[in-house]
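> no sequence on this one, just coordinates:
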């Protein structure tokens, strides 16, 4: 009887954790297209490292809606609970359930992928500006600035205005951002960085 009870409890645990995993990672929005042999979700949130490895898949404009959707992701209740539970699971469970993903990592990677698209990613400029202005993560804002630098052109006054507002960021955040922001402003609006007080970190 006790053995049967343990089996029922184990089955309930598997169902519960699996349900949370499904809820946390169920695809939504635009289709998950395949590039360089992997779905786009792999490049956005898989177990890979970049930009350090210096490799990006060759994307096209069809990837823009999916990447834009990735910029909107948040670590909601389901994701946070799953992240907490996953690290305490037995190894057998961990090996069979998706590794928890953090929305900050996904958003930063989406920004770097936008950057690799160049002008083809121009429809995402408003969303990248929103992320640059309002995301709470330093790395995500820096990645958004990097993407804007590589996507925008000198006619994009809204991008210049957004980047110029970096001086209004809290000091701890601005120190990390300003080298990227200065490089972007120097390309998009030469002289504007000096006007707003954006200088390189010594």
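Good, I have the coordinates. Keep in mind the model is a prediction, meaning the values are calculated, not measured.
> what ranges do the strands span in this protein?
34-35, 38-39 (DSSP state E).
> Looking at these, which is nearest to residue 72?
Closest to residue 72 of those, according to CB to CB: strand 38-39, at 18.6 Å. C-beta: built from backbone N, CA, C; applies to glycine.
> quick one: strands adjacent to the closest one?
According to DSSP bridges, strand 38-39 has the following sheet partners: strand 34-35 (antiparallel).
> before we move on, back to that, put together CSV for the strands of the chain, with mean neighbour count, distance to residue 130 and mean pLDDT on each row.
Converted to CSV, those look like this (neighbours: other CB atoms under 10 Å; distance: least, CB to CB, whole Å; pLDDT from 0 to 100):
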stretch, mean neighbour count, distance to residue 130, mean pLDDT
strand 34-35, 14, 25, 92
strand 38-39, 14, 25, 88
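> Residue 187 is nearest to which of those strands?
strand 34-35 (27.2 Å).
> Quick one: closest of the strands of the chain to residue 184.
Across the strands of the chain, residue 184 has its closest neighbour in strand 34-35 (26.0 Å, CB to CB).
> Adding distance to residue 155 as columns, could you present the strands of the chain in TSV?
Shown next, in TSV, are the strands of the chain (distance: least, CB to CB, whole Å):
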stretch	distance to residue 155
strand 34-35	30
strand 38-39	35
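> I'd like to know which of those strands is closest to residue 151.
Nearest of the strands of the chain (CB to CB): strand 34-35, 18.4 Å.
> Give me the contacts around the closest one.
40, 43, 57-59, 63 (CB atoms under 8 Å, 6 or more residues apart in numbering).
> Let me know the closest of those to residue 107.
Nearest to residue 107 among these, with distances taken as CB to CB, is residue 43, at 13.2 Å.
> Spit out the contact partners of the closest one.
With CB under 8 Å, 6+ apart, residue 43 has these contacts: 35-36, 56-57, 109, 113.
> Out of the residues you listed, who's the most crowded?
Among the contacts of residue 43, the one with the most neighbours (other CB atoms under 10 Å) is residue 113, at 25 neighbours.
> hang on, the earlier thing: quick one: closest of the strands of the chain to residue 186.
Among the strands of the chain, the nearest to residue 186 by CB to CB is strand 34-35 (31.4 Å).
> any idea which of the contacts of strand 34-35 is closest to residue 182?
Nearest to residue 182 among the contacts of strand 34-35, counting by CB to CB, is residue 59 at 27.4 Å.
> For that closest one, grab the count of nearby residues.
21.
> Could you find the closest non-adjacent residue to residue 123?
Closest residue to residue 123 apart from its sequence neighbours, by CB to CB, 6 or more residues apart in numbering: residue 64 at 5.7 Å.
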